[in-house]
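Q: The sequence isn't on hand, but the structure is:
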């Protein structure tokens, strides 16, 4: 039954007359309610794996000899895992809602991959820093980010990025997404001789189903089906569950081995950072904060610029107008996440999936945040969707992001070198920040060699020097030698 003329109008005009349309500015951004909802669902399906993966990385498992992680006296690793799943959901939702209502951008945030591994393995495991102190470092980093964002310093630094680096970020992220997706799908695997190689696609049911699902998704997208990425993910998931229920494969092959229900009591984790401040060794603590700061800063910057390019958010100079607002969402998320008990929250490159589906406003982010909260009630939704299925979207988006490479002036060496290094280093080092660093360091060098040193802003030289210093600290073994 219809709720009346107003409701009918809201449906027929794509929600243009609704409160959401007015608040988020659908008309101004050329979108509608249906598109934004589809985009939000798409982004959630590709980012939801973090609800499972983040707790796995952060939980200490003493029995398997893995160093580091969070362990709580009186609690089993399984119980700690469930607490961390809830914390992951809550921290992500807080950051995403700030992104939705304050920044009005279609980006999703969650505890970052790589940063959580650095937290658990390097800081807690190798360096021997108590996990409470590591959380204190996260909160410190978040507060610093809030201050720098409020005064416009982060936006100023990001605007110093050389144009070729900005234009190379999108393609670099595409390749980065591709290798993440192919790994999860079992198509690209470790190889001791060549680092990576082709998996046993024909004999591995995960890889085989992933390939089938990937090409189905490509076909649906090429046919112009709205929500093609969602259909591809859900269709692949249903095939996997169907084959499992039919007894073709045991549970745990094409479907998760088990679907845990969340442990809602997070009091042992929430607020633990306060105790961490009572056990601080200044030099080690400073190094940890410095590393979290650098990686989070430039991971977020690279993601916003790269995904922003795909969504048409950048201006003619390659700058992201009002970037301070999404940066504030990132800063608030990191601070709240550290207070609740998880590692650094950052903007996810998987947001590109929703942008490719047409998401242009904070309504997309709002949908993602609500779905995160919903997964608290309905056994974590991420646990029902196999990782290989959700990562099909990453490969599809990777192909779409490759088109950004046409914006680069390849006939100008001062553009091709920074852009090329940015693109190549990202996937090869598994880090957005490292790719940006390579591009920023090379830009003033090549420009000066061409005799165009006057074109290089002093801030770009300072950024390059700062990155050299960062690499010196990050790769010299200082972080492990001080343990």
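A: Nice, thanks for sending it over. In this text, all values refer to a predicted model and were calculated from it rather than measured experimentally.
Q: Give me the most central residue, this structure.
A: For the chain, residue 348 is the residue whose C-alpha lies nearest the centre (CA atoms, centre = their mean; 2.1 Å).
Q: Let me see the contact set for that one.
A: Contact analysis of residue 348 by CB atoms under 8 Å, 6 or more residues apart in numbering lists 47, 50, 107-110, 112, 303. C-beta coordinates here come from the backbone N, C-alpha and C atoms, glycine included.
Q: Show me those that map onto strands.
A: Judged by DSSP state E, strands contain the following of those: 109-110.
Q: And the contacts of residue 348, which is closest to residue 391?
A: Proximity of these to residue 391 (CB to CB) peaks at residue 47, which lies at 10.8 Å.
Q: so that closest one touches residue 108, yeah?
A: Yes. Contact criterion CB atoms under 8 Å: residue 47 and residue 108 qualify, at 5.1 Å.
Q: sorry, back to before: state the distance from the residue nearest to the centre of the chain to residue 96.
A: Spatial separation of residue 348 from residue 96 under the definition CB to CB, to the nearest Å is 10 Å.
Q: For the nearest residue to residue 84 once chain neighbours are set aside, which three-state class applies?
A: Spatially, and ignoring its direct neighbours in sequence, residue 84 is nearest to residue 55 (3.7 Å; CB to CB, 6 or more residues apart in numbering). Following DSSP: H, G, I helix; E, B strand; the rest coil, residue 55 is assigned to helix.
Q: Can we start the residue count at 44 from this point?
A: Let's use 44 as the start, then, which means that last one is residue 98.
Q: So residue 98 is in contact with residue 122, correct?
A: No. Judged on CB under 8 Å, residue 98 makes no contact with residue 122 at a distance of 10.8 Å.
Q: Neighbour count for these two, which is higher?
A: More neighbours surround residue 98 than the other of residue 98 and residue 122, with 28 against 15 (other CB atoms under 10 Å).
Q: OK, contacts around the more buried one?
A: 123-125, 127-128, 131.
Q: Which pair of these spans the longest distance?
A: 123 and 131, at 12.3 Å, using CB to CB across the contacts of residue 98.
Q: more crowded one of the two?
A: Counted by other CB under 10 Å, residue 123 and residue 131 do not tie: residue 131 has more neighbours, with 30 against 23.
Q: before we move on, what SS does the more buried one have?
A: helix.
Q: Tell me the spatial nearest neighbour of it, not counting adjacent residues.
A: residue 97 (4.6 Å).
Q: show me what contacts that neighbour?
A: Neighbours of residue 97 in contact, by CB under 8 Å, 6+ apart: 127-128, 131, 153-154, 156, 159, 385-386.
Q: okay, these in CSV with pLDDT and distance to residue 468 next?
A: Output for the contacts of residue 97, formatted as CSV (pLDDT from 0 to 100; distance: CB to CB, whole Å):
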residue, pLDDT, distance to residue 468
127, 92, 31
128, 89, 33
131, 94, 28
153, 95, 24
154, 94, 24
156, 76, 17
159, 87, 21
385, 97, 28
386, 94, 23
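Q: Return the closest of those residues with respect to residue 323.
A: Among the contacts of residue 97, residue 386 lies closest to residue 323 (CB to CB), at 17.7 Å.
Q: so the closest one makes contact with residue 181?
A: Yes. Residue 386 lies in contact with residue 181 (CB under 8 Å); the separation is 6.2 Å.
Q: Tell me which of residue 90 and residue 151 has more neighbours.
A: A direct count of neighbours by other CB under 10 Å for residue 90 and residue 151 places residue 151 higher, at 32 against 26.
Q: Can you show me the helices along the stretch 94-243 of the chain?
A: In the stretch 94-243 of the chain, the segments counted as helices under DSSP state H, counting those that start in this stretch are 120-141, 158-160, 174-193, 196-202, 206-227.
Q: Save those helices as a markdown table, and put in distance to residue 482 too.
A: Shown next, in a markdown table, are these (distance: least, CB to CB, whole Å):
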| stretch | distance to residue 482 |
| --- | --- |
| helix 120-141 | 27 |
| helix 158-160 | 21 |
| helix 174-193 | 22 |
| helix 196-202 | 13 |
| helix 206-227 | 4 |
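Q: Relative to residue 490, which of those helices is closest?
A: When the helices of the stretch 94-243 of the chain are compared by CB to CB, helix 206-227 sits nearest residue 490, at 10.3 Å.
Q: and the helix or strand that contains residue 389, what other elements does it pack with?
A: Taking DSSP states H and E as the definition, residue 389 sits inside strand 388-390. Secondary-structure packing of strand 388-390 (3 or more CB pairs under 8 Å, 6 or more residues apart in numbering; DSSP states H and E): helix 120-141, strand 152-154, helix 325-353, helix 367-383.
Q: By mean pLDDT, show me the worst of those.
A: Ranked by mean pLDDT, the helices and strands packed on strand 388-390 bottom out at helix 325-353, which scores a mean of 82.
Q: Remind me which helix or strand residue 300 belongs to.
A: Here residue 300 is assigned to no helix or strand, by DSSP H and E.
Q: Torsion angles phi and psi at it?
A: Phi and psi for residue 300, reported as degrees, to the nearest 10, are phi -60, psi -30.
Q: Which residue comes closest to it once chain neighbours are left out?
A: Spatial nearest neighbour of residue 300, excluding adjacent residues (CB to CB, 6+ apart): residue 294 at 6.2 Å.
Q: ok, back up a step: would you tell me which of the helices and strands packed on strand 388-390 gets closest to residue 450?
A: helix 325-353 (7.7 Å).
Q: Hey, what's the angle from the closest one to helix 206-227? Just curious.
A: 100 degrees (axes from the mean of the first three to the mean of the last three CA atoms, to 10 degrees).
Q: roughly how far is helix 325-353 from the heart of the chain?
A: In this view, helix 325-353 has its centroid 12 Å away from the chain centroid, taken as CA atoms, centre = their mean, to the nearest Å.
Q: Report the buried residues of it.
A: For helix 325-353, the neighbour count (16 or more other CB atoms under 10 Å) marks 327-328, 330-353 as buried.
Q: In contact with the closest residue in space to residue 227 that isn't next to it in sequence, which residues?
A: Excluding the flanking residues, the one nearest residue 227 by CB to CB, 6+ apart is residue 434, at 3.9 Å. Applying CB under 8 Å, 6+ apart to residue 434 gives the contacts 89, 92, 223-224, 227-228, 253.
Q: Dihedrals phi and psi, residue 484?
A: Torsion angles, degrees, to the nearest 10, at residue 484: phi -70, psi -40.
Q: What is the neighbour count of it?
A: 19.
Q: Count the residues that sit near the nearest residue to it once chain neighbours are set aside.
A: Leaving aside its chain neighbours, residue 484 sits nearest to residue 507 (4.7 Å; criterion: CB to CB, 6+ apart). Neighbourhood size, residue 507 [other CB under 10 Å]: 20.
Q: Isn't residue 334 up against residue 514?
A: No. Counting by CB under 8 Å, residue 514 is not a contact partner of residue 334; they are 11.2 Å apart.
Q: if we can go back for a sec, spell out which residues are contacts of both of residue 391 and residue 139.
A: Counting by CB under 8 Å, 6+ apart, the contacts common to residue 391 and residue 139 are 151-152.
Q: And stretch 261-279, end to end?
A: Terminal residues of stretch 261-279 lie 13 Å apart, using CA to CA, to the nearest Å.
Q: Same question for stretch 389-407.
A: Stretch 389-407 has an end-to-end distance of 17 Å (CA to CA).
Q: For it, list every residue counted as buried.
A: Neighbour-count burial for stretch 389-407 [16+ other CB under 10 Å]: 389-407.
Q: mind checking how far that stretch is from the chain centre?
A: Chain-centre distance of stretch 389-407: 11 Å, with CA atoms, centre = their mean.
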